[in-house]
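Asker: I would like the atomic coordinates for the input below:
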Amino acid sequence: MVEMADQQGSSVAEVAEAFGVAPSQIYSWRKRLASGEFDGDESEAVFARVAVDEQSDAAASLPGKIVIVFPSGARMRVEGMVDPASLGMVLNALAR
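Answerer: Presented below is the predicted three-dimensional model:
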């Protein structure tokens, strides 16, 4: 989330809203990352990057908001009910 908020054209408020966290939490994480607090012994996992590849059937039926940031920096917002298979095909095509 910190990485997303730091990208050009993005904002802390937008990322916080998309993930349901307070903007102050992202600012706190940003400050802690900058201070090196999360650098340390790899055996002590404190902060981890997470990527979600699949979603459950229950989650697929709930409306929501998805913000996708591609490696090129392009961003895509998807809101409301989305068919996971269709979205997957679109994302695979765009990622090429």
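Asker: break this protein into its domains for me.
Answerer: Each domain of the chain is listed here as a residue range: 1-50, 56-96, per automatic domain parsing.
Asker: mean pLDDT lowest where, among these?
Answerer: Mean pLDDT is lowest for domain 56-96 out of these, coming in at a mean of 71.
Asker: adding mean neighbour count, write the domains of the chain out as CSV.
Answerer: For every residue, glycine as well, the C-beta is placed using N, CA and C. Formatted as CSV, the entries for the domains of the chain read as follows, by neighbours: other C-beta atoms under 10 Å:
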stretch, mean neighbour count
domain 1-50, 12
domain 56-96, 11
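Asker: which phi and psi does Arg75 have?
Answerer: Comment: the main-chain dihedrals of Arg75 come out as phi -120, psi 150, following degrees, to the nearest 10.
Asker: which element is Met4 on?
Answerer: helix 2-6 (DSSP states H and E).
Asker: kindly apply the preceding question to Glu37 instead.
Answerer: Using DSSP H and E, no helix or strand contains Glu37.
Asker: for it, give its distance to Ala93.
Answerer: Look at Glu37 and Ala93: by C-beta to C-beta, to the nearest Å, they are 40 Å apart.
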